[in-house]
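Participant: coordinates only, sequence not included:
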């Protein structure tokens, strides 16, 4: 089930049907597997229930650390960082996402590294650092290509690069 209907061209955040997300959240409310916990965190995040999302994201990272694989832990940490981003904690999110991206690259996990770089770019974009965002999106695109991602994944990265380049040209960066 794909609940993402598109992406906001100004914020690059997911566009979802809140009612469908709430229905899905109710369906999986009592399940405790790691994939379901990750989905619940994401649903709470896109529903802007950030305090609940943060608490559950922290629990999910702990569970992944104790019972998951290293890949599971990286996915949980990336999701946790996206919650931090949505709460406005851009520096903490940037640090966590960069660490996750470098660790995944070091392990040769291009797909997870691309995922972390994409979110690193979204965090930088959200913080107004459009040059950093563009660089992270380009790294994500490179890794997605090397991992053999499908055209829709490549298109997402290309659109994010275009958005960052446009915003960089239009708005002076506070980081320049």
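Facilitator: In hand now; what should we look at? Since the model is a prediction, treat every value here as computed from it, not as a measurement.
Participant: For whichever strand or helix holds residue 38, buried residues please.
Facilitator: Counting by DSSP states H and E, the element that carries residue 38 is helix 34-46. Buried residues in helix 34-46, counted by 16 or more other CB atoms under 10 Å: 34, 37, 38, 39, 40, 41, 42, 43, 44, 45, 46. The way it works is simple: take the backbone N, C-alpha and C, and place the C-beta from them, glycine included.
Participant: Surely the fifth one touches residue 25?
Facilitator: Yes: counting by CB atoms under 8 Å, residue 40 touches residue 25, with 6.5 Å between them.
Participant: Helix, strand, or coil at residue 15?
Facilitator: strand (DSSP: H, G, I helix; E, B strand; the rest coil).
Participant: can you point me to the longest helix in this structure?
Facilitator: Counting by DSSP state H, the longest helix found in the chain is helix 151-170.
Participant: quick one, what contacts the spatially most central residue of the chain?
Facilitator: With distances taken as CA atoms, centre = their mean, the residue of the chain nearest its centroid is residue 119 (3.9 Å). Taking CB atoms under 8 Å, 6 or more residues apart in numbering, we find residue 119 in contact with 78, 81, 82, 85, 97.
Participant: Checking the last one next. Helix, strand or coil?
Facilitator: When the structure is reduced to helix, strand and coil (three-state DSSP), residue 97 reads as helix.
Participant: returning to that earlier point: want to try a markdown table for the buried residues of helix 34-46, with pLDDT and distance to residue 160 as columns?
Facilitator: What follows is those, written out as a markdown table (pLDDT from 0 to 100; distance: CB to CB, whole Å):
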| residue | pLDDT | distance to residue 160 |
| --- | --- | --- |
| 34 | 95 | 27 |
| 37 | 97 | 27 |
| 38 | 97 | 22 |
| 39 | 97 | 23 |
| 40 | 98 | 26 |
| 41 | 98 | 22 |
| 42 | 97 | 18 |
| 43 | 98 | 22 |
| 44 | 98 | 23 |
| 45 | 98 | 18 |
| 46 | 97 | 17 |
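Participant: and which of the residues you listed is nearest residue 124?
Facilitator: Among the buried residues of helix 34-46, residue 45 lies closest to residue 124 (CB to CB), at 18.1 Å.
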